[in-house]
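Enquirer: below are the sequence and a predicted model for it; my questions follow.
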Amino acid sequence: MSLLAPPVAAPFGALVAACQARGELVVQPRMGFADPAAMRAGLLATGAARAATIGTVTLDSYTRVGDHGAVRQALAAGADLNGYPLVDHDHDVTAAMLAGLGFPVQVRHGSADPRRIVLALLDHGLHATEGGPVSYCLPYSRTPLATAVEHWRQACALLAAHPDAHLETFGGCMMGQLCPPSLLVALSVLEGMFFWEHGIRCISFSYAQQTHPGQDEEALAALRTLIGRYVPHARAHMVVYTYMGVYPRTPGGALGLLAESARLAVRAGAGRLIVKTTAEAHRLPTVAENVAALEYAAAAARSAHRRSSTADTGVLAEATDLIDNVLSLDDDLGTALVKAFATGQLDVPFCLHPDNAGRARGYLDAEGRLRWQRVGAMPIAAGPPGPDRITAAGLLDALRFVERRFDSTSLEWSGP
Amino acid sequence: MNGPTMSIEVAGLSAIVTSLSSDAHTWNLVYLQLVLEELGVRVANLGACVPDEVIVGECAERRPDLVVVSSLNGHGCRDGVRLIGALRAEPALVATPVVIGGKLDVAASDNSARLLSAGFDAVFDDTAGLLPFRSFVRTLAGRAGLPIGTR
Ligand code: B12
């Protein structure tokens, strides 16, 4: 075999499907380093971890907002970035960074205009990335939603030219915290439908762990049902994100939350989990911290079992109503999404983006489930009346609900 | 974030709360807005990924008594130094109090000397809690002879 042979990596979607068929959860880090040597070391360590893994190249924030001047200045000054600048590193540098890895790598970014990023990843023979016209616009930019929809239309068409193209929705995460699950499920499905309409055939549907394991299981069951109903012909899997909000600060609390997300993924039949590390609340994780998280999650997953039924508190019905209402607004899904946000018929709690109505608000009920308090113009039922204004202390309390639950039990466990 | 805040003394301080050009985090901004409003300060929240020109333009137009910059993504020190240069280059904004806080680089190091010498009036450490910030705002109101905590 020639030393110059291209790396033979299984396609992203096929690898996840194969692991899922033999009952193994694929685990993946959120990892990105500006330095190519560090990035390559991280990918190699991910591949060598004792778990079924997929590699991640997370891009830096300047690349995300398209400020390539700032990337080049930072690189020239030797300054550190919060991710890998895929578009601005020399082609040969990135080719060497990726050479011969032998396992699929996904590019994770957070860009309302991913066109240059998609071209760059295709240029390096990669075929998997993530995002969506809504979920990479509202939480990540001040770009008008209609512009992001157009950028994502074009980016999907570019990516779809690759036979193994894989795209993951970020709609199941949005702001990371305090969004009732029905809206996350609806947005994940709507973004998957958008990808399908623009030629992507292999799609993963995300859902981020929220505040209550039972409610999360119900949400993932709803997501599975709706994928079958609205995107029935896609080669699809569900991907769970370990908690994306304010994270436990203690190592024990952080690992407890990670293990709970791994069990959730297995119980609900997800194919893949994107992990968080014990460094999450503090700083970017090291390679070693990432590998430890991957192995810990894989071990927790092995002790869990698929569950066949979940309680129904109405997540499926609400998500269905939200989706059907959007589809009724226009024959073109991109246009329908823009109309839905413009009229507040989709409304993401606490999102400051100018195109989000900002009238909807959730709350945590006594059991820790996320419920609607106000729904704005969304076609679903509001909850019991609550206080009109939230206080700073009240907001922080809600944001720290999960952190508190896991840090306090972890302190109990570690004892005196 | 909840529309006009009716119970604010109009004679009180006004502030701009903002992220930096590359930073998407906004829960920090929502929280700081509430903290300031509870102190009786009128707040305009500029949101995520605000380009320097927009921040400078909003400040020149609104002439706030205080500019509060918050950043978490690890580019805060670089982007903050660049922003304060642009703000201080505007004659109307040379003396406007501008403060910054959050997680300001990817190495969890202390950037306050660099940020202060670049022109910020105060740098608030991520781990120090909100007490120093609240006293800063109260002192500022005292200096300006403006009422605060009137709600
Ligand atoms: C939620 C979240 C997100 C959400 C944000 C959604 C949104 N629109 O807001 C999503 C998922 C989109 C996200 C994206 C990213 N994130 Co993020 N995120 C978080 C997370 C989990 C919680 C942040 C939060 O909501 N805090 C709640 C608020 C109320 O608290 P706070 O921000 O900590 O602020 C407190 C103090 O710092 C202080 N404070 C803050 N600012 C100021 C300013 C002043 C003047 C004062 C006085 C006080 C003050 O007041 C608050 C109360 O005590 C943190 C990790 C964590 N803490 O658990 C990571 C984290 C902040 N994210 C991080 C990163 C790097 C990113 C990304 C770049 C992706 C990546 N490479 O991993 C992107 C951002 C892209 C971009 N363009 O910027 C890193 C930052 C690392 C660093 N600085 O070294 C963190 C620490 C995670 C990690 N360990 O890697 N993120």
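Expert: Received it, and whenever you're ready, just let me know what you need. Predicted, not measured: the structure shown is a model, and the values here were computed from it.
Enquirer: is stretch B:62-78 up against the ligand anywhere?
Expert: Yes. Applying C-beta under 6 Å from any ligand atom, one finds stretch B:62-78 touching the ligand at B:Val68, B:Ser70, B:Leu72, B:Asn73, B:Gly74. For glycine as for every other residue, the C-beta is placed from the backbone atoms N, C-alpha and C.
Enquirer: let's see which of those residues end up in helices.
Expert: Among the residues of stretch B:62-78 next to the ligand, none falls in helices (DSSP state H).
Enquirer: so how far is A:Gln210 from A:Glu150?
Expert: Separation of A:Glu150 from A:Gln210 (C-beta to C-beta, to the nearest Å): 31 Å.
Enquirer: more crowded one of the two?
Expert: Each of A:Glu150 and A:Gln210 has its neighbours counted (other C-beta atoms under 10 Å in any protein chain shown); A:Gln210 has more, 27 against 15.
Enquirer: wait, is that one part of a helix?
Expert: No. Remark: A:Gln210 does not belong to a helix; assigned using DSSP: H, G, I helix; E, B strand; the rest coil, it is coil.
Enquirer: for it, give me the pLDDT.
Expert: With respect to pLDDT, A:Gln210 scores 98.
Enquirer: stretch A:317-328: which residues count as buried?
Expert: A:Glu318, A:Ala319, A:Thr320, A:Asp321, A:Leu322, A:Ile323, A:Asn325, A:Val326 (16 or more other C-beta atoms under 10 Å in any protein chain shown).
Enquirer: which helix or which strand is home to the second one?
Expert: Right, A:Ala319. Counting by DSSP states H and E, the element that carries A:Ala319 is helix A:315-327.
Enquirer: how far does that helix sit from its chain's centre?
Expert: Taking C-alpha atoms, centre = their mean, to the nearest Å, one finds helix A:315-327 lying 21 Å from the centre of the chain it belongs to.
Enquirer: and stretch A:264-276, by the same measure?
Expert: 12 Å.
Enquirer: average pLDDT for it?
Expert: 98.
Enquirer: before we move on, the earlier item: quick check: the two most widely separated of the buried residues of stretch A:317-328?
Expert: Maximum pairwise distance in the buried residues of stretch A:317-328, criterion C-beta to C-beta, is 13.0 Å, between A:Glu318 and A:Val326.
Enquirer: shared neighbours of these two, which are they?
Expert: Common contacts of A:Glu318 and A:Val326, defined by C-beta atoms under 8 Å, 6 or more residues apart in numbering or on different chains, comprise A:Ala186.
Enquirer: ok, the nearest residue in space to A:Pro11 that is not next to it in sequence - contacts?
Expert: What sits nearest to A:Pro11 in space, not counting adjacent residues and going by C-beta to C-beta, 6 or more residues apart in numbering or on different chains, is A:Asp164, at 3.7 Å. Shown in contact with A:Asp164 (C-beta under 8 Å, 6+ apart): A:Pro11, A:Phe12, A:Gly13, A:Ala14, A:His127, A:Ala128, A:Cys202.
Enquirer: from those residues, which single one is nearest the ligand?
Expert: Here the nearest of the contacts of A:Asp164 to the ligand, counting by C-beta to the nearest ligand atom, is A:Ala128; it sits at 17.4 Å.
Enquirer: tell me which parts of chain B are close to chain A?
Expert: Within reach of chain A by C-beta under 8 Å from any C-beta of the partner chain, chain B has these residues: B:1-2, B:21-24, B:26-27, B:29-31, B:34-35, B:38, B:45, B:47-50, B:73-75, B:78-79, B:103, B:105-108.
Enquirer: show me the contacts for the residue lying closest to B:Arg88 once chain neighbours are set aside.
Expert: Nearest residue to B:Arg88, sequence neighbours excluded (C-beta to C-beta, 6+ apart): B:Gly119, at 4.8 Å. B:Gly119 sits next to B:Ile84, B:Gly85, B:Leu87, B:Arg88, B:Val98 when contact means C-beta under 8 Å, 6+ apart.
Enquirer: relative to A:Ala360, how far out is A:Pro387?
Expert: With the distance defined as C-beta to C-beta, A:Pro387 ends up 15 Å from A:Ala360.
Enquirer: swap in A:Tyr247?
Expert: 25 Å.
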